[in-house]
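# just a sequence and a predicted model for now, questions to come.
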Amino acid sequence: MEMFSDVMLARMQFGLNITFHILFPTLTIALGWLLLAMRIAYVRTRAEHWLMAYRFWTKIFALAFALGVVSGITMSFQFGTNWPGFMETVGNVAGPLLGYEVLTAFFLEATFLGVMLFGHGRVSERMHLLATALVAIGTSLSAFWILVLNSWMQTPAGHEVVNGVVEVVDWSQVIFNPSFPYRFAHMMLASFLTALFAMIGLSAWQIWRQKDNASTRPVLRMALCTAAVVAPLQILMGDLHGLNTLEHQPQKVAAMEGLWKTQKGAPLVLFGIPNAETQSNDFAIEIPKGASLILTHQLDGELKGIDAFPNAAPPVAPVFFGFRIMVGMGMAMLLVSWLGAYQAWRQRRAALQEFTLPRWLLPVASLMFFSGWIATVAGWYVTEIGRQPYIVSGILRTADAISLVPPSNVIFSLVAYGVIYSGLLVAFFATIRHMASKPVDMSVRPAAGVRRGASATIAPALQGSAEGQR
């Protein structure tokens, strides 16, 4: 059967690995910056709840970082075992970019994460704050290099093909390829929403289950108000990213919109079931001319359909549904964050520890703990499946990059990965739930006699605030 061909099995295995792996960098990229904000807030105010929040979420950061490293190593091995044609053809691009990520990002965050976890009370406030900042920078640098490579695979630039091998002509064009700015901004905002809604969901669960502590309500209020700003920014960036995709990968947009035939005044398909046999959408609910208006800003603008890309168009159904799941979760995050921000405005005169949500909203907000991950995974499926049948757009087809590993071996490792990853995922969420149910350990205090230095590290303006707290 075609669905169990060598190519499909290898894609399923890589898809399983990337699905598991992406959960953790998506959380840690933005969580590093949110931890830095908590750390600065504590240095400025000496409010105990910010230190408590920092301690708790640093543990979650470390747990996610560890699982991200393990799954990332496993994923990188597959380039050699399942996809040797990839590195043979584009290794001159992929190799250096992956190397830059390790040298400039991974070593940085891995080194200073130890100071973050174990240095409080052992190093000065200035050094501990610097370590937190460097970890945050490292996570973003890691995202930068990985997204450079992924974006180049989507919209290759700055290269030439010599005897079937890609040679770099201009590294600036490779790095800042046409889709990179949009993809990087979209991913950074997605990471912030993932981290913020993890905070919202867990804090709401703690209040709902009466397991909250002094940091729970301040974190919930901060996360809701920040998400209320980030969510609409992500919607705007998603629109700009979509227009960029229309320009450079119109076949992907055709699959996203369920547009089978090139036409003017294309409808916006709100829901339907793509039918590859009839080249139509069953049970479609449409807004007439909506897709043309959104994508071309003209009611009768022409959009290319799947028929314009014979033998070079992605499968429609997974891209179509993935896009709608991503958008649907985005709308849910916008609604919940705005409801929360409205509650924060109503309670603006109350103390941070008194902030709360209506009783009916707490279980809803608790379930939103998973919303960022669901949206991110769905979005990555749209991105990666929408590039098919190419692994590098216009240069290397997926079928030409696969190894000759026997299908039985791939099936065995696929099942093994699935079992192991399922166990790790259950353990990850169970550990977070356990930590959220227990008091935060505050036995280790900041090193004495270094507050002046910590204030000077942030900014001279903060020195007076720290001095005033003595």
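Arrived safely, thanks for sending.

# okay, now the unreliable bits of the protein?
1-3, 441-470 (pLDDT under 70).

# what's the longest helix in it?
For the chain, the longest helix by residue count, based on DSSP state H, is helix 6-45.

# which secondary structure elements does the next helix or strand after that one contact?
Scanning forward in sequence from helix 6-45 by DSSP states H and E, the next helix or strand is helix 48-81. If contacts are counted by 3 or more CB pairs under 8 Å, 6 or more residues apart in numbering; DSSP states H and E, helix 48-81 sits against helix 6-45, helix 84-101, helix 107-118, helix 216-248, helix 407-437. For the C-beta atoms, the positions are set from N, CA and C on the backbone; glycine is no exception.

# in the last one, what counts as buried?
Going back to what we said before, that points to helix 407-437. 410, 413, 414, 417, 421, 428, 432, 436 (16 or more other CB atoms under 10 Å).

# now do it: distance to the chain's middle.
19 Å (CA atoms, centre = their mean, to the nearest Å).

# next, the buried residues of the longest helix of the chain.
Buried-residue list, helix 6-45, by 16+ other CB under 10 Å: 6-44.

# so what's the residue count around the closest residue to residue 435 other than its chain neighbours?
Distances taken as CB to CB, 6 or more residues apart in numbering place residue 59 nearest to residue 435, at 6.3 Å, with adjacent residues excluded. Number of residues near residue 59 (other CB atoms under 10 Å) recorded here: 15.

# would you mind measuring from residue 59 to residue 178?
40 Å (CB to CB, to the nearest Å).

# next: residue 350.
Counting by CB to CB, the gap from residue 350 to residue 178 is 49 Å.

# compare the two (neighbour count), which wins?
Taking other CB under 10 Å, residue 350 and residue 178 do not tie; residue 178 has more neighbours (19 against 13).

# looking at this, the more buried one is in a helix?
No: according to DSSP: H, G, I helix; E, B strand; the rest coil, residue 178 belongs to no helix; its state is coil.

# for it, give me the backbone phi and psi.
phi -60, psi -30 (degrees, to the nearest 10).

# which residues touch it?
The neighbours of residue 178, taking CB atoms under 8 Å, 6 or more residues apart in numbering as the test, are 155, 157, 244, 247, 248.

# let me know the closest of those to residue 264.
Of all these, residue 264 sits closest to residue 247, with 18.0 Å by CB to CB.

# against residue 241, how distant is the closest one?
From residue 247 to residue 241 the distance is 11 Å (CB to CB).

# just want to know which of these two has more residues nearby.
When neighbours are counted by other CB under 10 Å, residue 241 comes out ahead of the other of residue 247 and residue 241, with 20 against 12.

# on that earlier part again, from the contacts of residue 178, pick the one nearest residue 302.
residue 247 (13.8 Å).

# and the closest one, how far from residue 297?
13 Å.

# again, but for residue 36
Residue 36 is 39 Å from residue 297, by CB to CB.

# just residue 196 next, same as before
Distance from residue 196 to residue 297, by CB to CB: 31 Å.

# more crowded one of the two?
Shown here are residue 196 and residue 297; by other CB under 10 Å, residue 196 has more neighbours (29 against 9).

# hang on, the more buried one packs against residue 31?
No: at 9.3 Å, residue 196 does not count as touching residue 31 under the criterion of CB atoms under 8 Å.

# mind listing the shared neighbours of these two?
With CB under 8 Å, 6+ apart, residue 196 and residue 31 have no common neighbours.

# follow-up on the earlier one: nearest to residue 341, out of the helices and strands packed on helix 48-81?
Taking CB to CB, helix 216-248 is the member of the helices and strands packed on helix 48-81 nearest to residue 341, at 3.8 Å.

# between that closest one and helix 407-437, what angle do the directions make?
150 degrees (axes from the mean of the first three to the mean of the last three CA atoms, to 10 degrees).

# which secondary structure elements does helix 216-248 sit against?
By 3+ CB pairs under 8 Å, 6+ apart, helix 216-248 packs against helix 48-81, helix 180-208, helix 250-257, helix 290-296, helix 316-346.

# pick the most buried one from those.
Mean neighbour count (mean count of other CB atoms under 10 Å) peaks for helix 250-257 among the helices and strands packed on helix 216-248, with a mean of 25.

# identify the residues contacting that one?
242, 245-246, 259-260, 266, 268-269, 291, 295, 303-306, 308-309, 312-316, 319-320, 323, 382, 386-387.

# among the helices and strands packed on helix 48-81, which comes closest to residue 372?
So among those, helix 6-45 is nearest, using CB to CB, at 6.9 Å.

# just give me how far the closest one sits from the chain centre.
Chain-centre distance of helix 6-45: 6 Å, with CA atoms, centre = their mean.

# and for stretch 362-377?
Using CA atoms, centre = their mean, the offset of stretch 362-377 from its chain centre is 13 Å.

# pretty sure residue 284 sits in a helix.
No: using three-state DSSP, the assignment for residue 284 is strand, not a helix.

# measure the residue lying closest to it once chain neighbours are set aside to residue 331 for me?
With CB to CB, 6+ apart as the criterion, residue 284 has its nearest non-adjacent residue at 3.6 Å, and that residue is residue 272. Taking CB to CB as the measure, residue 272 falls 18 Å from residue 331.

# could you point out the helix or strand that follows the host helix or strand of residue 140?
Residue 140 belongs to helix 125-154 when assigned by DSSP H and E. Note on helix 125-154: by DSSP H and E, the next helix or strand toward the C-terminus is strand 159-162.

# counting contacts, what elements does the very next helix or strand once past that following strand pack onto?
Downstream of strand 159-162, the next assigned helix or strand under DSSP H and E is strand 165-168. Counting contacts by 3+ CB pairs under 8 Å, 6+ apart, strand 165-168 is packed against helix 84-101, strand 159-162.

# so can I have a markdown table of those showing mean neighbour count and distance to residue 49?
What follows is those, written out as a markdown table (neighbours: other CB atoms under 10 Å; distance: least, CB to CB, whole Å):
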| stretch | mean neighbour count | distance to residue 49 |
| --- | --- | --- |
| helix 84-101 | 18 | 35 |
| strand 159-162 | 13 | 52 |
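
# in a markdown table, list these along with distance to residue 134.
Formatted as a markdown table, the helices and strands packed on strand 165-168 follow (distance: least, CB to CB, whole Å):
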| stretch | distance to residue 134 |
| --- | --- |
| helix 84-101 | 16 |
| strand 159-162 | 33 |
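
# compare those and give me the one nearest residue 184.
With CB to CB as the measure, helix 84-101 is the member of the helices and strands packed on strand 165-168 nearest residue 184 (13.4 Å).

# now what about the closest one, what contacts it?
Contacts of helix 84-101 (CB under 8 Å, 6+ apart): 76, 79-80, 141-142, 145-146, 148-149, 152-153, 159, 164-168, 174, 391-392, 395-396, 400-403.

# at 7 Å what do you get?
Contacts of helix 84-101 with the rest of the structure, by CB atoms under 7 Å, 6 or more residues apart in numbering, involve 79, 142, 145-146, 148-149, 152, 159, 164-168, 174, 391-392, 396, 400-403.
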